[in-house]
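Chemist: Coordinates only, no sequence provided:
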Ligand code: SF4
Ligand code: SF4
């Protein structure tokens, strides 16, 4: 199955003995010219790359005040060192968050601080050499930008921001990552990460309508490009065909159908994901986000709702208005944007949906908090809503729910191991090893509570778990969408 060893899952999570440089050769494929240029980046490493990189760092320090603070404020207290799933899974000390940050901090000190210019060795300043650029490429693609380390840092230093800055600089000098950049190019060209054109989407959605009719007898619609619908649903393109994602999409449709809300998908904005975040490029994030605004205006919708996708929700919740606003043409009675879980939860609260919970009795369920939802956004109007709402939905549709240990969920949740632009087969070893802490927590509830399924609200988490669960002795179909559970339990028929 693989030419590396899957880490052993122990009873408790160990802090591993250090293995220096063991992941030094883990690198994703470098992007070629054809994937660089559509994003406005040089096609290959530019001749004066050191100067371009140093200048770009200077520009980011000016425009991102947080980055300047993060560069200056680390006191090397060590609180973050054992908090990263990639360090815990790989044992490489360069995957300790502080060590990862220092790859950029050393360059910052060398070129932007007086002591670094005068006495570089004394203050850990580093010349930006080709070897260091190579280390950046390796270790800044071993961070899923999950922000777990920042929860434990007394200064709130956010390694995700440091990683994004480093990737932004690497793109500026012509050393981008193929996986993310190729995907962004597909969104610009076709509208979604998977490159699914409008006719393919239409076919898929018609197929879903037939499938649901066969299963339930109900005429649930999965409309595309329908002008005048109330809701524009923007969802990750994996929802159109991947398992278990598509079962979630079936669930969203049933919720809208039962609530009597007219809705549509858009072939222009057929992607919720925004990989511009992963590469730290505000310009590319903006171009992707603008497609949603354009689709909402073209279709004349009144609300924008996002499907189950972790980082898409982060971009939507935190940045959509800045990137593509103002959204003053939408119905002011609803938040812009809304998460599908907020919509379903609200309908449940109002008694607008009926469930047969016994339909999920063959499942004993736990919930994986996805990093970008947990630590970079919120849901509803209550503090911690992003933790409460998905769990309340699951409990409303399932009789058997069990949480994983408290230090592995909520704001302390562990990344699935495939976030932040790392969900590519050229990083399989990293992905499997990075999943270790989550697999350990899952094993605990499997053994103690007989848990059979792990539910999630992120397309990347679902794809990653489908792939890595078998490495740890689980089945790939033990990962389910939250709206798959809703779909299986919802009673269709007479409106409430
Ligand atoms: S942001 Fe997440 S992946 Fe990156 S260093 Fe921190 S804990 Fe590790
Ligand atoms: S916890 Fe914060 S201050 Fe302490 S070593 Fe890590 S990044 Fe530096």
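Modeler: That came in fine, so what should we check first? Predicted model only: the values in this text are computed from it and were never measured. Numbers count the residues shown, from 1 in each chain. Ligands and ions are numbered 1, 2, ... in the order given.
Chemist: For the residue in the stretch 201-350 of the chain positioned nearest to ligand 2, which non-adjacent residue is spatially closest?
Modeler: The nearest approach of the stretch 201-350 of the chain to ligand 2 comes at residue 280, 18.5 Å away (Cβ to the nearest ligand atom). The way it works is simple: take the backbone N, C-alpha and C, and place the C-beta from them, glycine included. Once flanking residues are discounted, residue 280 sits nearest to residue 164: 3.1 Å by Cβ to Cβ, 6 or more residues apart in numbering.
Chemist: Could you list every helix and strand that the helix or strand harbouring that neighbour packs against?
Modeler: Remark: residue 164 resides in helix 159-173, with elements defined by DSSP states H and E. Secondary-structure packing of helix 159-173 (3 or more Cβ pairs under 8 Å, 6 or more residues apart in numbering; DSSP states H and E): helix 49-63, helix 65-73, helix 97-112, helix 130-139, helix 148-152.
Chemist: Show me what counts as buried in the second one.
Modeler: Going by neighbour count (16 or more other Cβ atoms under 10 Å), the buried part of helix 65-73 is 67, 70, 71.
Chemist: residue ranges of the strands in this protein, please?
Modeler: Ranges of strands in the chain, per DSSP state E, are 231-234, 263-264, 303-306, 338-339, 365-367, 453-456, 479-481.
Chemist: need these in a markdown table with mean pLDDT, can you?
Modeler: A markdown table is the format used below for the strands of the chain (pLDDT from 0 to 100):
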| stretch | mean pLDDT |
| --- | --- |
| strand 231-234 | 98 |
| strand 263-264 | 98 |
| strand 303-306 | 98 |
| strand 338-339 | 98 |
| strand 365-367 | 98 |
| strand 453-456 | 98 |
| strand 479-481 | 98 |
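Chemist: got those as TSV, with distance to residue 46 columns?
Modeler: Listed next are the strands of the chain as TSV, based on distance: least, Cβ to Cβ, whole Å:
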stretch	distance to residue 46
strand 231-234	36
strand 263-264	44
strand 303-306	37
strand 338-339	41
strand 365-367	46
strand 453-456	40
strand 479-481	42
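Chemist: mind putting those strands in a markdown table, mean neighbour count and distance to ligand 1 included?
Modeler: Converted to a markdown table, the strands of the chain look like this (neighbours: other Cβ atoms under 10 Å; distance: least, Cβ to the nearest ligand atom, whole Å):
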| stretch | mean neighbour count | distance to ligand 1 |
| --- | --- | --- |
| strand 231-234 | 26 | 26 |
| strand 263-264 | 22 | 34 |
| strand 303-306 | 24 | 22 |
| strand 338-339 | 24 | 22 |
| strand 365-367 | 23 | 20 |
| strand 453-456 | 25 | 17 |
| strand 479-481 | 26 | 20 |
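Chemist: what's around residue 11, how many residues?
Modeler: Residue 11 has 9 neighbouring residues, counting by other Cβ atoms under 10 Å.
Chemist: From residue 17, how far off is the residue of the stretch 201-350 of the chain closest to ligand 2?
Modeler: Separation of residue 280 from residue 17 (Cβ to Cβ, to the nearest Å): 33 Å.
Chemist: Neighbour count for the two, which is higher?
Modeler: residue 280 (26 against 6).
Chemist: That one: what's it in contact with?
Modeler: 163, 164, 165, 166, 167, 168, 171 (Cβ atoms under 8 Å, 6 or more residues apart in numbering).
Chemist: where does the fifth one land on pLDDT?
Modeler: Right, residue 167. pLDDT for residue 167: 98.
Chemist: Quick one: the helices in the stretch 151-300 of the chain, in order.
Modeler: 159-173, 178-189, 198-216, 245-259, 282-299 (DSSP state H, counting those that start in this stretch).
Chemist: wait, doesn't residue 390 sit right on residue 457?
Modeler: Yes. Here residue 390 reaches residue 457: they are 5.7 Å apart, a contact under Cβ atoms under 8 Å.
Chemist: Say whether ligand 1 is contacted by the helix holding residue 164.
Modeler: Yes. Applying Cβ under 6 Å from any ligand atom, one finds helix 159-173 in contact with ligand 1 at 159, 160, 163.
Chemist: All set now, cheers.
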